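> The following comprises the amino acid sequence and a computationally predicted model.
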Amino acid sequence: MEALRGARVVVTGAGGGIGAALARRFAAEGARVVVNDLNADAARTVADEIGAAVVPGDASEIVPAARTALGGGIDVFCANAGVGTGGGPEADDAAWELAWDVNVMSHVRAARALLPEWLERGDGRFVSTVSAAGLLTMIGAAPYSVTKHGALAFAEWLSLTYKHRGVHVHAVCPQGVRTAMLRSTGIAGDLVLAPNAIEPEDVAEAVLDGIAKDRFLILPHPEVADYYAARATDTDRWIGGMNRFQRTYEELSAKEREQAGEDA
């Protein structure tokens, strides 16, 4: 993509997984990249590999430092950092607050810092890694599902509010991706996500294609569009189908606990 050659790009959560794949892909297109991650060593490893700058730390706070590292401006910001908090209402407040802070508020804070620059020059691009959970849901993970819906809602709001002023927004909504986050989801991930999981590089390729076509909704798993339509047009049937997954999840979890008790 000629438009990305020389573009100043920031990717948060880029020490591994989707973020690292995005950083590599943008660098391959000739962009100038800042790699961010809480894990400073992981961020430096990726940055050294692709000849990028590194700005480790909290994704909520890096815009000023990233802007400086890129020579004074940011053209593309990939809000990719996220946490896969599981549980339901019983999850403690700290778990819910972490999910809100990373999955939603880090996007809000980044946009707050970026918009004055972008609106002044009439150009900027915000790429939000949401998840298909933001369009649908994820069994066993209420904080994750709820906050990913929030991330999608914020991306939609940004797009409809600033589209005519040159701000391009993309919501990236993959299902299973072979990353550390997928490996941490246990039985729920094995049941719902693993069967059709793709590589992080596939997500990065879908993102570049979505940018080229200026699509708001980027679906690395195209079948998610059908699930999203079914959720909207026959919600009760969709919930019934997801509830069947939930019951299977509960049965498998009970068997796992039983087996663990026998092995103890």
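Perfect, I can see it now. As the structure is a computational prediction, the values presented were derived from the model and not from experiment.

> Just want the most central residue of the chain.
Thr129 (2.4 Å; C-alpha atoms, centre = their mean).

> check contacts around Ala225.
By C-beta atoms under 8 Å, 6 or more residues apart in numbering, Ala225 lies in contact with Leu219. In this view, the C-beta of every residue, glycine as well, is placed from N, C-alpha and C.

> buried stuff in the one helix or strand it maps to?
If you go by DSSP states H and E, Ala225 is part of helix 224-233. For helix 224-233, a neighbour-count test (16 or more other C-beta atoms under 10 Å) marks Val224, Tyr227, Tyr228, Arg231 as buried.

> residues of the following helix or strand past that helix that come out buried?
Once the chain leaves helix 224-233, the next helix or strand it forms, by DSSP H and E, is helix 235-263. The neighbour-count check on helix 235-263 (16+ other C-beta under 10 Å) flags Trp238, Met242, Phe245, Gln246, Tyr249 as buried.

> can you check stretch 115-123 too?
Buried-residue list, stretch 115-123, by 16+ other C-beta under 10 Å: Leu115, Glu117, Trp118.

> Ok, stretch 163-180 next?
In stretch 163-180, counting by 16+ other C-beta under 10 Å, buried: 167-179.

> can you check stretch 42-53 too?
Here stretch 42-53 shows Ala42, Ala43, Arg44, Thr45, Val46, Ala47, Ile50, Ala52, Ala53 as buried, counting by 16+ other C-beta under 10 Å.

> quick one, strands of the stretch 1-150 of the chain?
8-11, 32-35, 53-54, 76-79, 124-129 (DSSP state E, counting those that start in this stretch).

> Output those in a markdown table; the columns should cover distance to Leu136 and mean pLDDT.
Putting those into a markdown table (distance: least, C-beta to C-beta, whole Å; pLDDT from 0 to 100) gives the following:
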| stretch | distance to Leu136 | mean pLDDT |
| --- | --- | --- |
| strand 8-11 | 25 | 98 |
| strand 32-35 | 30 | 98 |
| strand 53-54 | 34 | 98 |
| strand 76-79 | 20 | 98 |
| strand 124-129 | 16 | 98 |
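
> Excluding chain neighbours, what is closest to Arg67?
Counting by C-beta to C-beta, 6 or more residues apart in numbering, Arg67 lies nearest to Ile74, which is 5.5 Å off, once chain neighbours are set aside.

> Quick one: low-confidence residue ranges for the stretch 101-250 of the chain.
Applying pLDDT under 70 to the stretch 101-250 of the chain picks out residues 182, 189.

> returning to what we had before: which among the buried residues of stretch 163-180 gets closest to Gly57?
The shortest approach to Gly57 among the buried residues of stretch 163-180 belongs to Thr179, at 20.8 Å (C-beta to C-beta).

> The nearest residue to the closest one once chain neighbours are set aside - how many residues pack around it?
Sequence neighbours aside, Gly17 is the residue nearest to Thr179 in space, at 3.6 Å (criterion: C-beta to C-beta, 6+ apart). Counted with other C-beta atoms under 10 Å, residues neighbouring Gly17 total 21.

> ok, Gly17 - contacts?
Val177, Thr179, Ala180, Met181, Pro200.

> ok, 10 Å please
Listed by C-beta atoms under 10 Å, 6 or more residues apart in numbering, the contact partners of Gly17 are Asp37, Asn80, Gly82, Thr129, Val177, Arg178, Thr179, Ala180, Met181, Leu182, Pro200, Val203.

> Run through the residues that contact the first one.
With contacts taken as C-beta under 10 Å, 6+ apart, Asp37 has the following neighbours: 11-17, 19-20, 23, 43-47, 54-57, 59, 80-81.

> run the last query once more with 6 Å
Contact partners of Asp37, counting by C-beta atoms under 6 Å, 6 or more residues apart in numbering, are Gly13, Ala14, Gly15, Ala43.

> what's the spacing between it and Asp58?
According to C-beta to C-beta, to the nearest Å, Asp37 and Asp58 sit 10 Å apart.

> likewise the third one?
When C-beta to C-beta is applied, the distance between Gly82 and Asp58 equals 13 Å.

> for Ala171, same thing?
Counting by C-beta to C-beta, the gap from Ala171 to Asp58 is 22 Å.

> Next: Glu117.
Taking C-beta to C-beta, one finds Glu117 at 20 Å from Asp58.

> Right, I'll call it a day here.
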